[in-house]
Structures are given as C-alpha cells and as structure tokens.
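Asker: predicted coordinates and the sequence they were generated for:
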Amino acid sequence: MSEIFKTKRVKKVPIESIDERRRALQAACQRRENPPFANLSDRARQEVLHHMLVNDDYGILFCYVPKVGCSNWKRVIMVLDGWVDDPETVSGKPLDVLPIRLTKFSNEQVEYRLKYYKKFMFVRNPLDRIISAYKDKLTGDNDYYQAYRVNWIIDKFRAENQRANGSKGATLEEFFKFLSTRDPADMDNHWMPFKNLCQPCAIDYDFIGKIENLKEDADEILRRLNLSEIVKYPRKQSVYIEKARHMPSTADLLSQLPLSLIQAVLKIFEEDFELFLYHNPYSV
C-alpha cells in the first residue's frame with residue numbers, strides 16, 4: 001500500500017453560535033452559483049422534500065440528516081404531532097412512517113410552508129458522519145445493508161481470492177473506494193452530502209444546529225421555536241452509547257488508509273465542510 005494516512009491532530013476551536021453559523025452559510029452560498037428552490041431539478045427537489053418533516057400546528061420544517069441525531073428529532077416531531085407524550089418512549093418503525101413529510105403537499109402548499117414556516121437542520125463534521133455511517137451500516141451487523149450494499153461493495157472492490165473468508169461487513173478502505181466512485185446524488189442518505197439532502201443554499205434555514213454542540217443547540221432552537229415548555233430533546237439512546245463503546249476509534253480506522261483515498265472521498269464533501277464551517281485538514 002502506497003501513501004498511508006497518518007492521523008493529524010486537529011486543534012479544537014470554539015463552537016460558533018447559531019446566528020454566526022447562519023450568516024456564514026448565507027455568505028458561502030452567495031459565493032457559489034446555486035439555483036433557487038424553484039429552479040432545482042425534479043430529482044433534487046424530491047430529495048429535499050422527502051427529508052423535510054412538517055408540523056403545521058407549530059409552523060416548523062425540519063430537514064433530517066441521517067447520522068446527525070435525526071431519530072431523536074423525529075421523536076420530538078411525533079410529540080408535536082400528538083402521537084406520543086414522551087419522546088423517550090418511541091422506537092422502531094414509527095420513527096420512519098409517522099412524521100409528515102413535505103412530499104405530501106402540493107407545489108403551492110410547499111411554497112407557502114417554505115416561505116412562512118421556521119426551518120432548521122442539524123449537521124456534523126462530514127468525516128465523522130461518514131465513519132458513523134460505516135460503523136452502523138456496513139460492519140456486518142445490519143442484515144439489510146449486508147444484502148443490498150455490503151455484498152455489492154465486496155464483489156466490486158475485494159480481490160476474488162479474498163471473498164470466501166466468511167467475514168461479514170466491508171472494510172473501511174472498500175467503503176471509501178466505493179464512495180470515491182459515486183455521484184453524490186445517487187448516494188444512500190446515510191452518507192449523502194448535506195447539500196444534496198437539504199439544499200441549504202436553495203432554502204433559507206432559520207437555524208443550523210451542530211451535533212458537536214447538540215444539547216446547547218437543541219435547547220436553544222426549541223426555545224426560539226417557543227417549544228421548550230412543550231417538549232425536550234431526548235437523551236441519547238442507550239443502545240447507541242453501548243454500541244459506540246465497542247467500536248474502533250476514527251483514528252484507528254483511518255490509520256491504514258492511503259491519504260490519497262481519504263482526500264478523494266473528502267473532496268466529494270468539500271462543499272459541506274465550507275458551508276458549515278468545518279475544517280478539512282486533509283484537503284489537497
């Protein structure tokens with residue numbers, strides 16, 4: 001293996017405020033040529049409408065990004081929708097089928113909600129999100145992804161004489177090789193870039209939260225939405241905490257990858273890094 005990735009120490013910087021984040025996003029979008037929402041392709045439009053959860057009673061839209069605490073925000077929306085009283089009690093399938101999506105509405109109804117409702121989304125460091133998706137979906141514990149993603153990745157990127165060893169799951173290097181060949185618009189939503197999922201330059205989000213500052217941002221956004229006395233953002237689910245304890249660190253996982261491969265993958269996500277004030281220490 002040629003050039004090997006070496007973990008770089010990244011100096012932590014103070015987290016910016018929600019208002020600073022929004023101003024930075026607006027400035028970054030102005031530097032780019034991005035179509036307004038009305039001019040998005042049908043495909044791009046449907047992607048964001050599918051990921052936009054609606055609550056009409058309180059006039060809010062939440063664009064959910066998988067691997068960024070979205071399951072707990074779905075729990076919050078279900079409380080606001082009147083399905084449950086306590087977000088901590090919800091698990092499983094209801095999270096995927098009960099919240100109302102913006103795809104349900106006509107073009108005129110969509111435009112009205114985008115204009116008048118409060119809109120928010122949450123993001124996280126793009127590299128951390130990719131690694132989180134890999135650990136959760138592609139390491140052999142998820143039967144659906146084993147059948148529909150992992151087996152294809154192995155067939156495509158693993159040497160034929162190494163495929164019959166009986167191991168489940170793809171390696172991180174195989175996953176990164178897979179990502180490096182994909183069109184972002186065709187990606188699974190667990191690793192699709194934020195810009196494709198939520199179109200942050202075509203939709204004027206009122207609030208941008210970060211998982212790195214989750215509790216503070218969640219509390220602040222609920223306060224600004226006048227919801228802090230109605231619902232609280234749930235505690236992190238214990239099953240995720242337990243699973244995380246038994247997973248290798250990001251540094252360990254990346255330590256055997258060629259630097260050029262990491263750079264190729266992160267280039268796909270460079271707009272996410274820029275739009276949301278994340279530093280990519282491995283940029284070319």
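Answerer: Okay, I see it. Residues are numbered from 1 along each chain as shown.
Asker: tell me the contacts of the nearest residue to residue 125 once chain neighbours are set aside?
Answerer: Spatial nearest neighbour of residue 125, excluding adjacent residues (CB to CB, 6 or more residues apart in numbering): residue 278 at 5.2 Å. No exception for glycine: its C-beta is placed from N, CA and C like everyone else's. Counting by CB atoms under 8 Å, 6 or more residues apart in numbering, residue 278 touches 125, 126, 272.
Asker: test my guess that the first one contacts residue 212.
Answerer: Translated: residue 125. Yes: between residue 125 and residue 212 there is a contact at 6.9 Å, judged by CB atoms under 8 Å.
Asker: quick one: which of the two has more around it?
Answerer: Legend: neighbour count by other CB atoms under 10 Å for residue 125 and residue 212, higher for residue 125 (21 against 14).
Asker: mind pulling up the pLDDT for the residue nearest to residue 125?
Answerer: Per-residue pLDDT puts residue 278 at 96.
Asker: give me the buried positions along stretch 37-44.
Answerer: 37, 40, 44 (16 or more other CB atoms under 10 Å).
Asker: what element comes up after the worst-scoring helix or strand of the chain on mean pLDDT heading to the C-terminus?
Answerer: Ranked by mean pLDDT, DSSP states H and E, the weakest helix or strand in the chain is helix 238-245, scoring a mean of 50. Downstream of helix 238-245, the first helix or strand assigned by DSSP states H and E is helix 250-254.
Asker: now the helix or strand just after that next one: buried residues?
Answerer: The first helix or strand that comes after helix 250-254 along the chain, using DSSP H and E, is helix 259-268. By 16+ other CB under 10 Å, the buried positions in helix 259-268 come out as 259, 261, 262, 263, 264, 265, 266, 268.
Asker: same question for stretch 75-94.
Answerer: Buried positions in stretch 75-94, judged by neighbour count with 16+ other CB under 10 Å: 75, 76, 77, 78, 79, 80, 81, 87, 90.
Asker: residue 36 reaches residue 202, doesn't it?
Answerer: Yes: in this structure residue 36 lies within contact range of residue 202 using CB under 8 Å: 5.8 Å.
Asker: these two - which one has more neighbours?
Answerer: Legend: neighbour count by other CB under 10 Å for residue 36 and residue 202, higher for residue 202 (19 against 11).
Asker: doesn't residue 226 lie inside a strand?
Answerer: No: with DSSP: H, G, I helix; E, B strand; the rest coil as the criterion, residue 226 is coil rather than part of a strand.
Asker: how about it, nearest residue that isn't a chain neighbour?
Answerer: Sequence neighbours aside, residue 58 is the residue nearest to residue 226 in space, at 7.7 Å (criterion: CB to CB, 6+ apart).
Asker: so that neighbour: helix, strand or coil?
Answerer: coil.
Asker: that one contacts residue 80, doesn't it?
Answerer: Yes: Residue 58 lies in contact with residue 80 (CB under 8 Å); the separation is 5.7 Å.
Asker: what do the two both touch?
Answerer: Shared contacts of residue 58 and residue 80 (CB under 8 Å, 6+ apart): residue 227.
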